[in-house]
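Colleague: task: produce atomic coordinates for the following.
(2 chains, ligands or ions: 1)
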Amino acid sequence: MEKYTLSVLVYNQPGALARVASLFSRRGFNIESLAVGTTNMEGISRMTIRILATVQIVEQMVAQIQKLMSVIVVQVLPQGQEVSRELLLIKVACDQSSREAVARIVDIFRARIIDVSRGSMTIEITGEEDKNSAFIEMLQDYGIIEMARTGMVALERGVASISNVL
Amino acid sequence: MRGAEIVIQCLREQGVEVVFGYPGGAILPLYDALYGAREVLRHVLPTHEQHGAHAADGYARASGKIGVCLATSGPGATNLVTGIAASFMDSIPVVYITANIPRAKRGSDSFQEADIWGITMSITKHSVVVASARSLARELREAFFIAREGRPGPVLVDIPKDVLEEADDTYTFLDQDALEAWYRENRFLRQKGELFFQRQNRFLDEGALDSIAHTLSTAKRPVILAGGGVIRGKACDALREVMHRLDAPVASTLMGITAIPYFDRHFLGMAGMHGTRGANAALQKCDVLLAVGTRFSDRTLMNAQRFAPHAHVIHIDIDRAEINKTVSSYLHVTADARAILEPLAQRLPFIHRPVWWQTPAMDQQGEAWTPSHIMTAMARMAQYEGIVVTDVGQHQMWVAQAYPFIHPGQMITSGGSGTMGYGLGGAIGAQLAQPDALVTLVTGDGSFLMNQAELTTVARERLPIIIVVMDNRALGMVRQWQSLFYDGRHMATGLSGIPDYEKLAAAYGMEGSYVSNMEAFCRAYQQAVEERRSALILCRIDPDEMVRPMVRPQGSLESYILESREES
Ligand SMILES: Cc1ncc(C[n+]2csc(CCOP(=O)(O)OP(=O)(O)O)c2C)c(N)n1
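Modeller: Reported below is the predicted structural model:
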């Protein structure tokens, strides 16, 4: 099993997202993360799906997704040829005594403090999955109050574009 | 023009002649428009929406056209679900049109509201909720196109009641040519070109074709597995040409049964759980397997790991997602069966091979009162013409194993979904699609109890359907499993309290008879055939009768738990 990133362009119609999501659950495919947003093309959204799977399963997933009418194109990003980022907002418990230490970790990870209160600090970090996970790990000791991750978004390196097929 | 009228016009654009449907509050505007169109559009009212769905499905199977089925919101729509699932599993093109509550009330749990779009999401090829009268024609045209092109399947169009009432002045009727042009220019459909245009040779890969031809012509023991796609894709002639050139035997799946005439010396019969010994043995022995228009159902493979262990599999299917789904192929092409088999045949040499396969003992002559003798006798009286529709259970397997079909499409059955209660609705649809054909429904007493209310429709529409019930006073197939795997603890599989069917038939103005020997059966069946009238014939058979042979679940295709009658 390996990690794969799928990019899916869908028509921005009601239910398009539900159809893709239901396909994953019906066929028993496991999603690690899923992110959706609009694109530079009107009426077209892009889904980025991270999955842990074998090559055979990925091939099957792509074929099944491609069959959905609301899907325009599916692409498996070539491994090692992608740039990927995820945004994480994390609220850590900290008081006067620990604030300094947390701020140092923030620095090391090139994260950003976006809100501070007497008992907490909210931090924003953008990066690859592994980096964000390591960051969370480091903050574990101070007490994580809550957090939210956007899920991974990714593009292929270089001039190539998924929308070349359009 | 009002939305409801646009629906009628769109059905006429598509050349629809018959619709099956059941009215109700939300769909009233459409029924009002149907009233106006009653001279040109025949509406058939079943007694239950599920059977209406099966009828539309049976109509599609027997006519090669697209079936149309209407239902009202809420319970009307949910009653369709089993029928939609049956169409989906067997890739049958049916457009299901449901009405729903007005747009403004959507999501408020209003009276007879059901999210039929959501409920049927995973059992439709595509589905839409129509947003406005203006988009109605586009959605319906697309629905028909999507239902029939590529791998066919059911499409659901859910129309809010107020959309049916809304006026739109942009609609114009498209004749055949204009409609085709409209499809060609439709960007949404063109985007999915690779799904839809496989019938055209421009997608053919010459190199792949050459390698397939090479692999087949150098094989020592090639075998062909024919699936339902061969019949749907009208590729039976082409397949026969490939078969003759290679001098290779053909096994079929349940859905592919009529692809090759029963009496052809190359035809091994159905493979799988209740497959013939010849078909299963050939699959296990072959070195190259050409599988066409099949999704390798688990009922055919039994155990994917042990299936055709020595074979290089060449898989041809119209659906890319079926390739390597359950069986890894050595070579494959995503294409319409006919578009590929015709040029493939041209590339094959004529080979002559000693017969290494075993064709099943066919055509049971004589008076013995066994299911297979009944099938043979029936076919002879029908002069091998007409259509046989089945329900689900032992009787279905007996038809599949022993009824000698000689033309493609003669057998109509709910294969992938295995829907008991499919039969009578399916037969009604088939008879309406082919009014002159002899349509026989072979059913079980359990299945018939699920749909016998449709006798009303048979009587009202004066359909000359002959119903043959294999009357074993049991849910035979389940009882068989209880006998084999649950120590004969027969729970809830005995049927008692069944009505007197002679009287029931009489109540419908129909001839009904119980028969328990071949002579009586032939008399009853022959008479109904000659008089072209409906009849209900109940064949009394032993509840302990089993479907033979039977392969052990999860076993290889040759690990039998029951031998065939001749061998036991
Ligand atoms: C709707 C539905 N419910 C349950 C089943 C499970 N099932 C499969 S075969 C069968 C028995 C069928 O009995 P009958 O119609 O009498 O046919 P027989 O097997 O006796 O020929 C049952 C209950 C099914 N296939 N479909």
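Colleague: from here on, contacts and neighbour counts on C-alpha atoms
Modeller: Fine.
Colleague: after the lowest-mean-pLDDT helix or strand in chain A, next one along is what?
Modeller: In chain A, no helix or strand scores lower on mean pLDDT, DSSP states H and E than helix A:16-26, which sits at a mean of 90. Next helix or strand after helix A:16-26 toward the C-terminus (DSSP states H and E): strand A:31-38.
Colleague: separation between B:L432 and the ligand?
Modeller: Relative to the ligand, B:L432 is positioned 24 Å away (Cα to the nearest ligand atom, to the nearest Å).
Colleague: so which strand or helix has that residue?
Modeller: B:L432 is located in helix B:423-433, with elements delineated by DSSP H and E.
Colleague: just how off-centre is that helix within its chain?
Modeller: Distance of helix B:423-433 from its chain centroid, counting by Cα atoms, centre = their mean, to the nearest Å, is 11 Å.
Colleague: which elements pack onto the least confident helix or strand of chain A?
Modeller: Counting contacts by 3 or more Cα pairs under 8 Å, 6 or more residues apart in numbering or on different chains; DSSP states H and E, helix A:16-26 is packed against helix A:55-67.
Colleague: helices or strands next to the helix it packs on in the packing?
Modeller: So helix A:55-67, by 3+ Cα pairs under 8 Å, 6+ apart, packs with helix A:16-26, strand A:71-76.
Colleague: give me the number of residues near the closest residue to B:S417 other than its chain neighbours?
Modeller: Excluding the flanking residues, the one nearest B:S417 by Cα to Cα, 6 or more residues apart in numbering or on different chains is B:A86, at 5.2 Å. By other Cα atoms under 10 Å in any protein chain shown, the residues close to B:A86 number 25.
Colleague: ok, B:A86 to B:S127 distance?
Modeller: Distance, B:A86 to B:S127, by Cα to Cα, to the nearest Å: 16 Å.
Colleague: and the strand or helix carrying A:K131, how far from the chain's centre?
Modeller: Per DSSP H and E, A:K131 falls inside helix A:129-139. How far helix A:129-139 lies from its chain's middle: 14 Å, per Cα atoms, centre = their mean.
Colleague: can you check the pLDDT for the residue in chain A that chain B sits nearest to?
Modeller: Residue nearest to chain B within chain A: A:A63 (4.7 Å; Cα to the nearest Cα). Here, the pLDDT recorded for A:A63 equals 93.
Colleague: pretty sure it sits against B:A321.
Modeller: Yes. Assessed by Cα atoms under 8 Å, A:A63 is found in contact with B:A321 at 4.7 Å.
Colleague: where does residue 43 land on pLDDT?
Modeller: Defaulting to chain A. At A:G43, pLDDT is 93.
Colleague: my question was about chain B
Modeller: You'll see B:H43 listed with a pLDDT of 98.
Colleague: surely B:I537 is in a strand?
Modeller: Yes. Under DSSP: H, G, I helix; E, B strand; the rest coil, B:I537 falls within a strand.
Colleague: isn't it right up against B:C522?
Modeller: No. Look at B:I537 against B:C522 with Cα under 8 Å: they stay out of range, at 10.2 Å.
Colleague: from the centroid of chain A, which residue is nearest?
Modeller: A:M152 (1.5 Å; Cα atoms, centre = their mean).
Colleague: ok, it - contacts?
Modeller: A:M152 sits next to A:S33, A:L34, A:A35, A:T48, A:I49, A:R50, A:S84, A:R85, A:E86, A:L87, A:E128, A:E129 when contact means Cα atoms under 8 Å, 6 or more residues apart in numbering or on different chains.
Colleague: ok, these vs B:E185, which is closest?
Modeller: Checking those against B:E185 by Cα to Cα gives A:T48 as the nearest, at 30.0 Å.
Colleague: ok, longest strand in chain A?
Modeller: Longest strand of chain A, by residue count under DSSP state E: strand A:82-93.
Colleague: run me through the strand neighbours of that strand, direction for each.
Modeller: strand A:120-127 (antiparallel), strand A:144-149 (antiparallel), strand A:153-156 (antiparallel) (DSSP bridges).
Colleague: any chance of the ones you listed in a markdown table, with distance to B:Q526, mean pLDDT and mean neighbour count too?
Modeller: Listed next are the strands paired with strand A:82-93 as a markdown table, based on distance: least, Cα to Cα, whole Å; pLDDT from 0 to 100; neighbours: other Cα atoms under 10 Å in any protein chain shown:
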| stretch | distance to B:Q526 | mean pLDDT | mean neighbour count |
| --- | --- | --- | --- |
| strand A:120-127 | 79 | 97 | 19 |
| strand A:144-149 | 73 | 97 | 14 |
| strand A:153-156 | 70 | 96 | 20 |
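Colleague: let me have those in TSV, extended by distance to the ligand.
Modeller: Shown next, in TSV, are the strands paired with strand A:82-93 (distance: least, Cα to the nearest ligand atom, whole Å):
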stretch	distance to the ligand
strand A:120-127	52
strand A:144-149	45
strand A:153-156	44
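Colleague: any chance of those in a markdown table, plus distance to B:R338?
Modeller: A markdown table is the format used below for the strands paired with strand A:82-93 (distance: least, Cα to Cα, whole Å):
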| stretch | distance to B:R338 |
| --- | --- |
| strand A:120-127 | 51 |
| strand A:144-149 | 50 |
| strand A:153-156 | 39 |
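Colleague: re the thing from before, which of the contacts of A:M152 tops the neighbour count?
Modeller: Greatest neighbour count in these, by other Cα under 10 Å, goes to A:T48: 25 neighbours.
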